[in-house]
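[1] Starting from these lines, generate the structure:
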Amino acid sequence: MKLTIMGNELKIFNPEITKNNLIISSLFLTSYELLKNSIIDRIKTFLCTEFKFIEHKIIYKESEEYRLVKNKDKNLLEASLLWLIEMEIITKEEKGLIHKIREQRNRIAHNLPELLTDNSKNIDINLFLETKRLIDKIEKWWIIEVDMSINPYFDNINNDELDTENILPGTSLMLDWIIKCAFDLKGNE
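    From the prediction side, this is the model:
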């Protein structure tokens, strides 16, 4: 027996739809956390060079440079986004897009039962794709502008010789792997 409302089957009673919504929700929450880490943690670990280990955790000593970033806004994510804009890593439009991504993340995290049952509530898959794109963009910037600049291997290589379009950041590879596992995708092993 299928329960219907106004001729439409409730999506919660369709196991395939429920499964896919749970997977998409999980992937979105995961990708948002990876994006947030790319935004906040990369800046912190770059600017705070002194740290110590306490109970298996890294505790950073705040540098003056990092305090300047944090002083941009009382919200650390917002302050970090402002720094990324100043460094021309992202645009003001992408900052607005990240706010939309965060809003959808909050809807998923705080209203999952509603997303699973209400036919009119859905996850914007385009925001998931934008999250992945922004992770790639931000992580590539760190690799090209920071990691490669301090690696002596790249000292004698002209930037024009580098195929920067095909750089695959570790965070992006991890997200691709998670997506592949979530959908049990077959392909190149």
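[2] Please report how far the residue nearest to residue 114 when sequence neighbours are not counted lies from residue 79.
    The shortest distance from residue 114 to any non-neighbouring residue, by C-beta to C-beta, 6 or more residues apart in numbering, is to residue 121 (5.5 Å). From N, CA and C alone the C-beta is placed, and that goes for glycine too. Going from residue 121 to residue 79 by C-beta to C-beta, to the nearest Å gives 32 Å.
[3] Neighbour count for these two, which is higher?
    Remark: of residue 121 and residue 79, residue 79 carries more neighbours, 20 against 13, as counted by other C-beta atoms under 10 Å.
[4] I'd assumed residue 70 was in contact with the more buried one.
    Yes. Judged on C-beta atoms under 8 Å, residue 79 makes contact with residue 70 at a distance of 5.4 Å.
[5] thinking again about what came up before, return the residues in contact with the residue nearest to residue 114.
    For residue 121, the contact set (C-beta atoms under 8 Å, 6 or more residues apart in numbering) comprises 111, 114, 115.
[6] same deal with residue 30?
    Going by C-beta under 8 Å, 6+ apart, residue 30 touches 175, 178.
[7] same deal with residue 32?
    So residue 32 contacts 101, 102, 105, 131 (C-beta under 8 Å, 6+ apart).
[8] okay, now the last one: neighbour count?
    The reference is to residue 131. 25.
[9] Look at it and give its secondary structure.
    helix (DSSP: H, G, I helix; E, B strand; the rest coil).
[10] secondary structure class for the closest residue to it other than its chain neighbours?
    Closest residue to residue 131 apart from its sequence neighbours, by C-beta to C-beta, 6+ apart: residue 31 at 4.5 Å. The three-state label given to residue 31 by three-state DSSP is helix.
[11] And the pLDDT for residue 31?
    Looking at residue 31, its pLDDT is 96.
[12] So it sits against residue 128, correct?
    Yes. Assessed by C-beta under 8 Å, residue 31 is found in contact with residue 128 at 6.2 Å.
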